[in-house]
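> Predicted coordinates and the sequence they were generated for:
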Amino acid sequence: MKLAIVLSTQPAQFNAVAFKGDLEANIAKIAAWGYDGVELAIRDPRLVDGDALAALVQRYDLSVPAIGTGQAWGEEGLSFPDPDPAVRQAAIERVKSHIPLAARFDAVIIIGLLRGIVKPGVSQEQAMAWVVEALQECSAAAAPAGVRLALEPINRYETTLINTVRQGLDLIERVGAANFGLLLDTFHMNIEEPDMEESIRLAGDRIFHFHVADSNRWHPGAGHLDFASLLGTLFETGYEGFVSGEFMPEPDADTAAQRAIRFLRAIERELAPHAPQD
């Protein structure tokens, strides 16, 4: 099982990003604890030195399985269904600007809250139409570089645009791009999916990336989710990608990361030989 954890390359308000601050110090710790990769949360790739970043992760023998874009929403308010066409276009261009770095790392570009919310004066139908158009444009731009996009179904308390796996699969049909799929997150699934394992099976080969956090959004093992069952089902679909920790830095980031990898490695041993090996 290939394990990663989310690391922000820039200061961020989003509390579920476990690691912020000194980039090299955090990468060194993550590698020392035995993680195989770092999922990078990047607000704006223009503010990142790609060569230096690539050298850094290579020095510590880590992969970059995915790049998160949500900080563009949280810090700047960019989103696909904004009533202002300039904001909508800025959100699209921001996703496109991630493509070169994603291609360099063979990373999935994550579409989380960049897909936005339904703002006053905009209908649900219009908002969804704008989301579909944006995703079609971004997927088309990413395809020549071999880059995939993954939209994350997010719980109803954060957005009304794509809360469930089934809604995500319907969106995939509307977008109609082979390089567009889903990121499933156990925290959001626990709120929205009546049967999490069945939803994982339903998504099948459209799962491009996978987030783990427990029922309380703490590290796996801190709540009541059955990760042996969830991850076992995930691997039964043929999934060979990373399992990436995106959880609250509680009781602190270092403790959470260490507890998470101990817990998940124990699950890996329990699931062997079904889990993909590193």
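Structure's in. What do you need?

> What's the mean pLDDT across the one helix or strand residue 167 maps to?
According to DSSP states H and E, residue 167 maps onto helix 165-175. The average pLDDT within helix 165-175 is 98.

> wait, what's in contact with the residue positioned nearest the centre of the chain?
With distances taken as Cα atoms, centre = their mean, the residue of the chain nearest its centroid is residue 110 (5.0 Å). Contact analysis of residue 110 by Cβ atoms under 8 Å, 6 or more residues apart in numbering lists 66, 67, 68, 69, 70, 149, 150, 151, 152, 183, 209. Any C-beta I mention is one placed from the backbone N, CA and C, and that applies to glycine too.

> For these, pick the one with the most neighbours.
Among these, residue 68 has the most neighbours (other Cβ atoms under 10 Å), with 33 neighbours.

> For it, give me its contacts.
Contacts here follow Cβ under 8 Å, 6+ apart; on that basis residue 68 touches 6, 39, 40, 41, 42, 110, 112.

> now, which of these lie within helices?
In helices, defined here by DSSP state H, there are no members of the contacts of residue 68.

> Of those residues, which pair is most distant in space?
Maximum pairwise distance in the contacts of residue 68, criterion Cβ to Cβ, is 13.4 Å, between 40 and 112.

> pLDDT score for the residue nearest to the centre of the chain?
Model confidence at residue 110, given as pLDDT, is 98.

> Look up which residues are beta-bridged to it.
According to DSSP bridges, residue 68, residue 150 are recorded as the beta-bridge partners of residue 110.

> rewinding a little: closest to residue 34 out of the contacts of residue 110?
Closest to residue 34 out of the contacts of residue 110 is residue 66 (18.9 Å), distances taken as Cβ to Cβ.

> Which pLDDT value goes with that closest one?
98.

> Let me see the contact set for it.
Neighbouring residues of residue 66 by Cβ under 8 Å, 6+ apart: 4, 39, 40, 107, 108, 109, 110, 150, 183, 209, 242, 244.

> can you rerun that using 6 Å?
By Cβ atoms under 6 Å, 6 or more residues apart in numbering, the residues touching residue 66 are 39, 107, 108, 110, 209.

> and the first one, how many residues sit next to it?
If I follow you right, that is residue 39. The local packing of residue 39 (other Cβ under 10 Å) involves 26 other residues.

> Residue 251 belongs to a strand?
No: using DSSP: H, G, I helix; E, B strand; the rest coil, the secondary structure at residue 251 is coil, not a strand.

> And it, its phi and psi?
The phi/psi pair for residue 251 (degrees, to the nearest 10) reads phi -70, psi -20.

> What is the neighbour count of it?
Considering only other Cβ under 10 Å, residue 251 is surrounded by 12 other residues.

> circling back: from the contacts of residue 66, which is closest to residue 23?
Using Cβ to Cβ, residue 39 is the member of these that lies nearest residue 23, at 13.7 Å.

> Could you pull up the contacting residues of the closest one?
Residue 39 makes contact with 4, 6, 66, 244, according to Cβ under 6 Å, 6+ apart.

> 10 Å - rerun?
Shown in contact with residue 39 (Cβ atoms under 10 Å, 6 or more residues apart in numbering): 4-8, 17, 63-68, 107-108, 110, 209, 211, 242, 244-246.

> Repeat that for residue 98.
Per Cβ under 10 Å, 6+ apart, neighbours of residue 98: 40, 42, 44-45, 48, 67-69, 72, 107, 109-110, 138, 142, 147, 149.
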